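Enquirer: the sequence isn't on hand, but the structure is:
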């Protein structure tokens with residue numbers, strides 16, 4: 001899709017959206033206006049809301065030891081003002097907006113990741129290439145989080161992508177990631193999620 005867009009003569013920006021995103025009349029306009037006002041190469045994220053109006057994400061943070069992730073202000077009440085954000089390690093992949101020039105420097109999203117962590121990988125590469133990550137809180141989207149994931153029971157893929165991401169970017173900490181997965185494996189046994197453990201083991205031995 002990105003390659004097709006870049007082949008069009010009038011392509012200036014790329015906007016990656018999940019299929020379960022709801023946008024508003026000024027969502028895109030605000031992103032374009034913000035990018036036009038800065039001289040920095042920037043990858044933009046939105047204020048992402050849950051269906052109940054609470055915040056799902058204002059950018060996210062990566063624990064570079066265990067490769068776990070956390071969204072800023074997740075499940076907080078949206079007070080319709082700009083929240084203070086101390087740190088952004090990656091932009092939530094449900095909505096990522098950037099100038100086409102970013103691709104020339106950062107490349108495309110990695111196809112090494114079937115699901116999960118492709119947004120973390122893309123954002124980390126951007127930071128390493130001196131590309132800014134910013135959340136434009138005036139630009140809002142609503143995300144029906146995890147509908148497809150839950151329908152097809154794909155949660156286990158997060159663990160497999162976490163291993164792959166760690167091996168690429170933080171290979172020295174892989175033992176801590178395996179410890180975290182071992183904990184998840186034991187928890188699944190107590191919760192009778194045997195099929196999930198089977199998928200985890202099958203994916204790890206591929």
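Expert: Yes, it's here. Since we're looking at a predicted model, the values are computed, not measured.

Enquirer: hey, let's count contacts and neighbours off CA atoms from now on
Expert: Noted.

Enquirer: show me which strand runs longest in the chain.
Expert: With DSSP state E setting the assignment, residue counts place strand 132-143 as the longest strand in the chain.

Enquirer: so what does it touch, helix or strand wise?
Expert: strand 21-23, helix 27-36, strand 42-49, helix 118-128 (3 or more CA pairs under 8 Å, 6 or more residues apart in numbering; DSSP states H and E).

Enquirer: what residues sit buried inside the last one?
Expert: It refers to helix 118-128. For helix 118-128, a neighbour-count test (16 or more other CA atoms under 10 Å) marks 118-127 as buried.

Enquirer: with the second one instead?
Expert: Applying a neighbour-count criterion of 16+ other CA under 10 Å, one finds 27-28, 30-32, 35 buried in helix 27-36.

Enquirer: those residues: which two are farthest apart?
Expert: Spanning the widest gap among the buried residues of helix 27-36 are 27 and 35, at 12.9 Å by CA to CA.

Enquirer: quick check: the farthest pair among the buried residues of helix 118-128?
Expert: Farthest apart among the buried residues of helix 118-128 - using CA to CA - are 118 and 127, which lie 14.4 Å from each other.

Enquirer: what is the least confident helix or strand in this structure?
Expert: Every helix and strand in the chain was compared by mean pLDDT, DSSP states H and E; the lowest is helix 147-152, with a mean of 59.

Enquirer: longest helix of the chain, counting residues only.
Expert: helix 174-190 (DSSP state H).

Enquirer: now that one: mean pLDDT?
Expert: On average, the pLDDT along helix 174-190 is 88.

Enquirer: immediately after it, which helix or strand?
Expert: As assigned by DSSP states H and E, the chain's next helix or strand after helix 174-190 is helix 194-204.

Enquirer: touching, residue 119 and residue 111? I think so.
Expert: No - checked against CA atoms under 8 Å, the pair residue 119 and residue 111 is beyond contact range at 11.1 Å.

Enquirer: sorry, back to before: what's the closest of the helices and strands packed on strand 132-143 to residue 98?
Expert: Using CA to CA, the helices and strands packed on strand 132-143 put strand 42-49 closest to residue 98, at 4.9 Å.

Enquirer: residues in contact with that closest one: which ones?
Expert: Outside strand 42-49, the residues within contact range by CA atoms under 8 Å, 6 or more residues apart in numbering are 31, 35, 55-59, 91-92, 95-99, 102, 131-143.

Enquirer: what number of residues lie near residue 39?
Expert: Applying other CA atoms under 10 Å, we find 7 residues neighbouring residue 39.

Enquirer: measure it to residue 136 for me?
Expert: 16 Å (CA to CA, to the nearest Å).

Enquirer: can you count the residues close to residue 179?
Expert: 12.

Enquirer: now residue 164
Expert: Quick note: residue 164 (other CA under 10 Å) scores 18 neighbours.

Enquirer: what's near enough to touch it?
Expert: Residue 164 touches residue 113, counting by CA under 8 Å, 6+ apart.

Enquirer: which SSE is it in?
Expert: Per DSSP H and E: helix 156-169 holds residue 164.

Enquirer: how far does that helix sit from the chain's center?
Expert: Between the centre of helix 156-169 and the centre of its chain there are 13 Å (CA atoms, centre = their mean, to the nearest Å).
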